[in-house]
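Student: Quick one: sequence plus predicted model below, questions after.
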Amino acid sequence: MTSVVAQAVVNGLLIGGIYALVSIGVTLIFGVVKIVNFAQGEFVMIGMYISWWLASHCGLDPVASLVVSMPALFVAGVLLQRFLIRRVLGLGDMPQIFLTFALSLLLMNLALLLFTANYRTVQTSYTLSAIHIGPLYIGVAKLIAFALAMLLSGALAVFLRATDLGKAMRASAQKREVAMLMGVNPDHVFGVAMGLALALAGAAGSLIVPFYPVYPGVGQVFVLMAFVAVVLGTLGNVTGALIAGLMMGLAESLGIQFVGADSGLIVVFAMLLLTLAVKPSGLFGGRVR
Amino acid sequence: MKRGVRPPRPLGYAAAALVLILLPRVVSNAFAIDIFVRVFLFAFIGVAWNLLGGYAKQLSLGHAAYFGLGAYTSTILLIRFGVSPWIGIMAGAVVAMLASLPIGTLCFRLRGPYFAIATIGTAQALMLLFLKFRNFAWGAEGITIPYHGNAPLMMQFDAKAGYYYIALTMLAIGLAITYWVERSWMGYYLVAVGEDQDAAEAVGVNVPRIKRDIYLISAFLTGLAGTFYVQYIYFIDPNTAFNFNVSVEAALVSIVGGVGTLWGPVVGTVLLEPTSALAQSWLGGAHGGVQLTLYAVILIVVIMWRPTGLLGVLTGAYERIVRAAPSGVPATATAEPKGAPLDG
């Protein structure tokens, strides 16, 4: 029994690392640009398709294809901010929600038109290999994904604390007007924030390709997890999103283990409703907004 | 506040109503009538969404929850207990309405985008629950509505005209309710909440109560639509009843037409629904995703170009033609919603 629980915990934490990466992107955009990106999951999907394409056409390892997917999505994020998001800032909730929501619909259905609804998988030399620690069984691909996810999250945290651009980003997240008075160029900062958030989503996509099927609607799984994690971890809080992302993975895995194979999402939604009922400002928030 | 609609001219409305009432007598093409039924139905769902999302600016993306609850309530009553869908449709709407109380209590704790996400979550959770209720609600397999031929008492008709009149009546009721709400104190309170919740609260609007009340009405109407749809397509499963597309279309038709206006959802549906039906019949079912790709593009264009919706464009063009007055300000120059500060 304990080994079953331990195994579920390990699996949950490993996939939770990926949820954390997606959640950090959502919370970064929310914190800095003050919009909710409903299309974040679709950028995970795009990252997955990039890695799948490179693996099946060029034989490139999905982890190595990070060097393609991350820069590609960074550029996509900067362009998205420049040509679409920038124009709806300050127009209220409706255009902001439905612009990114429409983008999500568009990308998902374009993927459906281009690649059909078929599930695609990538087999790597390490897809099926695993490390055994006592009774535990740890998939190598998942372990690599988790380790790199944590590394990237750490790199983002260092960037936000140690570099001028990162500090400018945190400053405009806290008080946009004051940051602008101090000479921070909002367009520049917003563009980089969008770029980084999308690059993280792309990285998440590339990292899970070795053990997760690619299909047009796959982003929905991740975006729902990320939204719940971002509410749970307090909106705009990067560390909160990281911890809550790991918790979501854990909750899903334990839900599958103890409630039933189709109940992972029910547990996740239950967590969302519980958070809303008990502490709508999230684990790390003081004030209810 | 100014509204995009001109004062009603009874004669024009009576003529339009007469044309719509006589139409099934003239048009016998089932495909054409089917498009009309779908236009009425989705315009009706849009009208229900618009009360909450358009006037109070509570942008729900989970109206499929009430559509599905309405559909399942009447179907369970029909198949388990032999209750006529005419009673079922009211029971379903009441169940949907009651469900909006706890759902609203939870979701209204969040604002703006996070309200939208929470509503998606509740609709998805309900779908998952109905997938699990295998003994009670047939699980993933769903069930076919038993066919009785022409049985008006069981809301079944051998010609599509019967469904046409029900859908038309529902839409008329939805529009009448919106018209009444728009002109009552409630309409003004809703618009105040939509503009700025904190300011509305500060001037004494009971914000939680007004949001709860309009959510009750909106859920009730959406529940009616659910029962009607199941009776129309003779089939129910969790994926049909709680389909995310229902939530999307409810919001989409209102935004494309014009949120917070009486006729916005109708204009939006009239523009969107036949377009998508034609696109599908041209391109065929082979290309999955055509309809939603089209919707997404239209939505992006409308938001970037005219976020107040196309109703304003149409009435503006109409006024320019009629009056041709150079100084004429378009009647629809409604104030842009100003962004609430989102610090914290």
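Tutor: Now that the structure is in, tell me what you want to look at. Source: prediction; values computed, not measured. Numbers count the residues shown, from 1 in each chain, chains lettered A, B, ... in the order given.
Student: Tell me which residue in the stretch 51-200 of chain B sits closest to chain A.
Tutor: Closest residue of the stretch 51-200 of chain B to chain A, C-beta to the nearest C-beta: B:Pro113 (3.6 Å). Backbone N, C-alpha and C define where each C-beta goes, glycine included.
Student: Which strand or helix spans A:Gly285?
Tutor: Assigning secondary structure by DSSP states H and E places A:Gly285 outside every helix and strand.
Student: now it, nearest residue through space, not along the chain?
Tutor: Leaving aside its sequence neighbours, A:Gly285 sits nearest to A:Thr234 (C-beta to C-beta, 6 or more residues apart in numbering or on different chains; 3.9 Å).
Student: could you pull out the strands for the chain?
Tutor: All of this is about chain A. Ranges of strands in chain A, per DSSP state E, are A:130-133, A:136-139.
Student: Correction: the question concerned chain B.
Tutor: Going by DSSP E, chain B shows strands at B:143-144, B:235-236.
Student: which one of those strands has the lowest average pLDDT?
Tutor: The minimum mean pLDDT among the strands of chain B belongs to strand B:143-144 (a mean of 88).
Student: list the helices and strands it packs on?
Tutor: With contacts defined as 3 or more C-beta pairs under 8 Å, 6 or more residues apart in numbering or on different chains; DSSP states H and E, strand B:143-144 has these neighbours: strand B:235-236.
Student: And the strand it packs on, what does it pack against?
Tutor: By 3+ C-beta pairs under 8 Å, 6+ apart, strand B:235-236 packs against helix B:64-81, strand B:143-144.
Student: Need the strands of chain A in CSV (columns: distance to chain B and mean neighbour count).
Tutor: Output for the strands of chain A, formatted as CSV (distance: least, C-beta to the nearest C-beta, whole Å; neighbours: other C-beta atoms under 10 Å in any protein chain shown):
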stretch, distance to chain B, mean neighbour count
strand A:130-133, 31, 10
strand A:136-139, 27, 16
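Student: okay if I get those strands as CSV plus mean pLDDT?
Tutor: What follows is those, written out as CSV (pLDDT from 0 to 100):
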stretch, mean pLDDT
strand A:130-133, 83
strand A:136-139, 86
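Student: Which one of those strands lies nearest to A:Met247?
Tutor: When the strands of chain A are compared by C-beta to C-beta, strand A:136-139 sits nearest A:Met247, at 19.5 Å.
Student: Parallel or antiparallel, which strands does that closest one pair with?
Tutor: Strand pairing for strand A:136-139, determined by DSSP bridges: strand A:130-133 (antiparallel).
Student: Centre of the chain to the partner strand, how far?
Tutor: Chain-centre distance of strand A:130-133: 27 Å, with C-alpha atoms, centre = their mean, to the nearest Å.
Student: ok, residues contacting that strand?
Tutor: Strand A:130-133 has contacts (C-beta atoms under 8 Å, 6 or more residues apart in numbering or on different chains) with A:137-140, A:143.
Student: list the contacts for the residue nearest to A:Leu246 when sequence neighbours are not counted?
Tutor: Closest residue to A:Leu246 apart from its sequence neighbours, by C-beta to C-beta, 6+ apart: A:Gly16 at 3.9 Å. The neighbours of A:Gly16, taking C-beta under 8 Å, 6+ apart as the test, are A:245-250.
Student: Let me have those residues in JSON lines, adding neighbour count, distance to B:Arg38 and pLDDT as columns.
Tutor: Listed next are the contacts of A:Gly16 as JSON lines, based on neighbours: other C-beta atoms under 10 Å in any protein chain shown; distance: C-beta to C-beta, whole Å; pLDDT from 0 to 100:
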{"residue": "A:Gly245", "neighbour count": "31", "distance to B:Arg38": "41", "pLDDT": "93"}
{"residue": "A:Leu246", "neighbour count": "25", "distance to B:Arg38": "45", "pLDDT": "93"}
{"residue": "A:Met247", "neighbour count": "21", "distance to B:Arg38": "43", "pLDDT": "91"}
{"residue": "A:Met248", "neighbour count": "31", "distance to B:Arg38": "38", "pLDDT": "91"}
{"residue": "A:Gly249", "neighbour count": "26", "distance to B:Arg38": "41", "pLDDT": "92"}
{"residue": "A:Leu250", "neighbour count": "20", "distance to B:Arg38": "44", "pLDDT": "91"}
